[in-house]
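Engineer: take a look and give me a structure for this.
(chains A and B)
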Amino acid sequence: MTKIAQSSPGLRRSWPEAPSEPRIRFEGKMMLPGLILLAALSILPFLALVAMSFSRVRLLGGVRLELVGLSNWVRSFTDADMWMSWLRTIIYFVLTVGLEMVLGLGIALCLYRVLRGRNLLLGLILLPMFVAPSIVGLLGRYLTDSTFGLYAYVLRSLGFTGDILGSPTSAFAAVVLMDVWEWTPLIALISLAGLSSVPQSVREAAAVDGASGWMTLRFIIFPAISNVLLVALLIRSMDAIRYFDIIWVTTNGGPADATKIVPIRLYETAFRFFDFGYAAAIGLTMLAFSILIARAFVRMLDTRGLTR
Amino acid sequence: MSRVLYDEATRIYPGSTQPAVDALDLDIADGEFLVLVGPSGCGKSTSLRMLAGLERVDGGRIAIGDRDVTHLPPRDRDIAMVFQNYALYPHMSVADNMGFALRVMKVSKDERDRRVLEAARLLDLEEFLDRKPKALSGGQRQRVAMGRAIVREPQVFLMDEPLSNLDAKLRVQTRTQIADLQHRLGVTTVYVTHDQVEAMTMGDRVAVLKDGILQQVDTPLGLYQHPANVFVAGFIGSPSMNLGEYRVEGDEVVFGGARVRLTRETLKALKEEGSDRVILGFRPEDVTMVGDGDQDDATFLVTATVVEELGSDAFLYGQYADTTDPRLLEQTVIARVDPNAPPAKGDRVRLRIVPGKGRLFSASTGLCLPA
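Structural biologist: Numbering: from 1, shown residues only, chains lettered A, B, ... in the order given. Okay, the predicted model is just below:
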């Protein structure tokens, strides 16, 4: 199309001899508006963020950047509190994503066995996913409230007398479980789709080949749906790293920083202490971490030849 | 290697009152190649799956060897199955696909490799052992599926239309290979197909099913020459048998201007039935063209509408010319004619059924009448 457009109308019938490739081809031109929008929305803020991470940001008397070199970065890597936040993020990440994967896959395997009313059941199981995270947080706070919360009451009758969101371990467990409650259905949904895509005849072949239920699962079903699971893992991981809503609504990072994962600390640094330079450094580290994890997953998918 | 026995085996799918397989009785000898054939929905695949343990048996029983396997899960039946779409494990190499059953059986790695290699040699798959099924052609996949079954050294091979996904040429080739392989291995085989040519060329015996009911079991030639009923007569043979329901007048059946005398046995059977109608069938190769000089009561006139010349054969498709009966005019008569001197389209040809080759069936029950 480009080639025709370039040549004069009289030459339309014959191809121009060895046409030089235009610098931006047709496809490129069509993508340009999108790219410009993306630049305005992402690239410029990103560059500003990089600049901020090397400066002290003055807000009073107009925004000013004072270059401070690497001090924000040095601080972010030497700050013991920061390291604790990272540790918590990683524990939080492993616990939530791990539990969600195991439970989601379990639910999917059960649902797959259900023949009648599967869709109704699936619909019910998916409900938590449709609740806004901050509402999940509010709901969680309500249910764990030490005076009138249902779970608090149940736990009290089981012998746990403390305030659930008031003590470090139980607060951490509570926010983990809230996240698991909300996002397990997504994994179940994706896993179920994966399970349904394994041809019936392949399962039957395994049965005829003498494989027991567990062996079929281990050697046939898991390998067959591992790609789907990997995609699910990728989606959840990206979410878990930047996780914010539920913790902010329930514990606000407390008690005693017990649930202060990196995103919460980042928010605090930026919008409570207005230390934008330092926050920029933390934010960029988070970005790098996310990219690293995403790359790892994409590479895993790539070696299986699934990205193309 | 074992005998397989279906004893009034019945399968009724949930939500249906009509059995998919209705009291199937089949005795398959050790080492025999039995073909289940029939139109789609006749219950042939269901019968096979019942033997495999993939389908519940709602009545009767199934035995492999001396063991009643009616309610055993597939893995305890010692069978191997080749699926229509091959059902290869997509993430495993050819070697792993073939060796999976042995791995499940906890056969040692050396023994496993040896048997896989042996089967691969037999099937010409040696160079593909490391490939994934994705990277194989349809014919190769089919062979891997066969290999997976062979490696098991099972009591029974079950094959569910294993050739239907191959192109015509490969199908004919593989057909002979499978029959040959089965003969060499001597493993009892139950083979399902909807293709009667496959059934006729491969099976030691062929079982014809329709609507879940076994119509007839016999050798291919037996089915061809002595069909038990109208359905088998029409199903077996290509082009298929000419079949038509005609009136009996006195001791003759009248059709298309011809009168063919019936035997005393046939007449007796008709009388017992109290019917004055009969279904007459004759195979395309069982008619001869007669010159106008030779015409008699038993000849009939046909107008050729299509003449198929295949080189070794020629088939005439025509319509009865000497009749005004609209039902007769609708019928197509197929006749094999001399390929060296075939009639032209539009020619009127006089035909006669070779004496003794006409088949008569009851118009009410469809069963073959004594001749």
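Engineer: what number of residues lie near residue 173?
Structural biologist: If you meant another chain, say so; for now it's chain A. Number of residues near A:Ala173 (other Cβ atoms under 10 Å in any protein chain shown) recorded here: 14. The way it works is simple: take the backbone N, C-alpha and C, and place the C-beta from them, glycine included.
Engineer: I was thinking of chain B, sorry if that wasn't clear
Structural biologist: When neighbours are counted by other Cβ under 10 Å, B:Gln173 comes out with 13.
Engineer: helices and strands around the strand or helix carrying it, which ones?
Structural biologist: For B:Gln173, the host element (DSSP states H and E) is helix B:168-185. Using 3 or more Cβ pairs under 8 Å, 6 or more residues apart in numbering or on different chains; DSSP states H and E, the elements in contact with helix B:168-185 are strand B:33-37, helix B:138-152, helix B:196-202.
Engineer: quick one: name whatever helix or strand follows the longest one.
Structural biologist: Sequence-wise, the next helix or strand downstream of helix B:138-152 (DSSP H and E) is strand B:156-160.
Engineer: contacting residues around stretch B:322-330?
Structural biologist: Stretch B:322-330 has contacts (Cβ atoms under 8 Å, 6 or more residues apart in numbering or on different chains) with B:Gly244, B:Phe255, B:Gly256, B:Gly257, B:Phe300, B:Leu301, B:Gln319, B:Tyr320.
Engineer: swap the cut-off to 6 Å and go again
Structural biologist: Outside stretch B:322-330, the residues within contact range by Cβ atoms under 6 Å, 6 or more residues apart in numbering or on different chains are B:Gly256, B:Gly257, B:Leu301, B:Tyr320.
Engineer: out of those, who's nearest chain A?
Structural biologist: Closest approach between the contacts of stretch B:322-330 and chain A, by Cβ to the nearest Cβ: B:Tyr320, at 47.9 Å.
Engineer: relative to B:Gly291, how far out is the closest residue to the closest one other than its chain neighbours?
Structural biologist: Closest residue to B:Tyr320 apart from its sequence neighbours, by Cβ to Cβ, 6 or more residues apart in numbering or on different chains: B:Gly256 at 3.7 Å. Computed as Cβ to Cβ, to the nearest Å, the B:Gly256 to B:Gly291 distance reads 18 Å.
Engineer: ok, and the most crowded of the contacts of stretch B:322-330?
Structural biologist: When neighbours are counted by other Cβ under 10 Å, B:Tyr320 leads the contacts of stretch B:322-330 with 23 neighbours.
Engineer: who does it form a beta bridge with?
Structural biologist: Under DSSP bridges, the beta-bridge partners of B:Tyr320 are B:Val302.
Engineer: and it, what pLDDT?
Structural biologist: The confidence metric pLDDT takes the value 89 at B:Tyr320.
Engineer: ditto for B:Phe282
Structural biologist: Reported pLDDT for B:Phe282: 93.
Engineer: that one: how many residues sit nearby?
Structural biologist: Close neighbours of B:Phe282, defined as other Cβ under 10 Å, add up to 23.
Engineer: ok, it to B:Gly237 distance?
Structural biologist: For B:Phe282, the distance to B:Gly237 (Cβ to Cβ) stands at 11 Å.
Engineer: again with A:Leu44
Structural biologist: In terms of Cβ to Cβ, A:Leu44 sits 80 Å off from B:Gly237.
Engineer: ok, these two, which is more surrounded?
Structural biologist: B:Gly237 (19 against 11).
Engineer: the more buried one belongs to a helix?
Structural biologist: No - judged by DSSP: H, G, I helix; E, B strand; the rest coil, B:Gly237 forms no part of a helix; its state is coil.
Engineer: show me what contacts it?
Structural biologist: Counted by Cβ under 6 Å, 6+ apart, B:Gly237 has contacts B:Arg283.
Engineer: now do the phi/psi pair for it.
Structural biologist: The phi and psi torsions at B:Gly237 (degrees, to the nearest 10) take the values phi 110, psi 140.
Engineer: show the pLDDT at it.
Structural biologist: Per-residue confidence (pLDDT) for B:Gly237: 88.
Engineer: flag every residue of the stretch 201-350 of chain B that's near chain A.
Structural biologist: By Cβ under 6 Å from any Cβ of the partner chain, no residue of the stretch 201-350 of chain B approaches chain A.
Engineer: can you show me the strands along the stretch 201-350 of chain B?
Structural biologist: B:205-210, B:213-218, B:242-249, B:252-255, B:258-261, B:277-282, B:287-289, B:299-309, B:314-320, B:333-337, B:348-353 (DSSP state E, counting those that start in this stretch).
Engineer: other SSEs contacting the second one?
Structural biologist: In other words, strand B:213-218. Applying 3 or more Cβ pairs under 6 Å, 6 or more residues apart in numbering or on different chains; DSSP states H and E, one finds that strand B:213-218 contacts strand B:205-210, helix B:230-235.
Engineer: Provide the strand pairings for the first one, with the direction of each partner.
Structural biologist: So the one you mean is strand B:205-210. Strand pairing for strand B:205-210, using DSSP bridges, gives strand B:33-37 (parallel), strand B:213-218 (antiparallel).
Engineer: where does the prediction get shaky in chain A?
Structural biologist: Along chain A, segments meeting pLDDT under 70 span A:1-22, A:305-308.
Engineer: need the residues of it near chain B, please.
Structural biologist: Counting by Cβ under 6 Å from any Cβ, the residues of chain A close to chain B are A:Ser201, A:Val202, A:Glu204, A:Ala205, A:Ala207, A:Val208, A:Asp209, A:Gly210, A:Ala211, A:Met215, A:Ile220, A:Pro223.
Engineer: now tabulate the strands of the stretch 201-350 of chain B in TSV and tack on distance to A:Ile247.
Structural biologist: Shown next, in TSV, are the strands of the stretch 201-350 of chain B (distance: least, Cβ to Cβ, whole Å):
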stretch	distance to A:Ile247
strand B:205-210	66
strand B:213-218	68
strand B:242-249	80
strand B:252-255	90
strand B:258-261	94
strand B:277-282	83
strand B:287-289	90
strand B:299-309	80
strand B:314-320	81
strand B:333-337	81
strand B:348-353	91
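Engineer: low-confidence ranges in chain B?
Structural biologist: Low-confidence segments of chain B, defined by pLDDT under 70: B:1.
Engineer: quick one: the closest residue to chain A within the stretch 101-250 of chain B from B:Met92, how far?
Structural biologist: Residue of the stretch 101-250 of chain B nearest chain A, by Cβ to the nearest Cβ: B:Ala101 (3.9 Å). B:Ala101 sits 12 Å away from B:Met92, going by Cβ to Cβ.
Engineer: now A:Leu177
Structural biologist: Separation of A:Leu177 from B:Met92 (Cβ to Cβ): 38 Å.
Engineer: before we move on, the earlier item: between B:Ala101 and B:Met92, which one's more packed in?
Structural biologist: A direct count of neighbours by other Cβ under 10 Å for B:Ala101 and B:Met92 places B:Ala101 higher, at 24 against 18.
Engineer: show me the domain layout of chain B.
Structural biologist: Using automatic domain parsing, the domain ranges for chain B come out as B:4-235, B:242-362.
Engineer: in TSV, list those domains along with distance to A:Arg236.
Structural biologist: Shown next, in TSV, are the domains of chain B (distance: least, Cβ to Cβ, whole Å):
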stretch	distance to A:Arg236
domain B:4-235	23
domain B:242-362	64
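Engineer: just name the most buried of those.
Structural biologist: domain B:4-235 (a mean of 19; mean count of other Cβ atoms under 10 Å in any protein chain shown).
Engineer: centre-most residue in chain A?
Structural biologist: A:Asp239 (1.7 Å; Cα atoms, centre = their mean).
Engineer: distance check, the closest residue to chain B within the stretch 1-150 of chain A against B:Pro74.
Structural biologist: Relative to chain B, the nearest point of the stretch 1-150 of chain A is A:Leu115 (10.0 Å; Cβ to the nearest Cβ). A:Leu115 sits 19 Å away from B:Pro74, going by Cβ to Cβ.
Engineer: alright, I will stop here.
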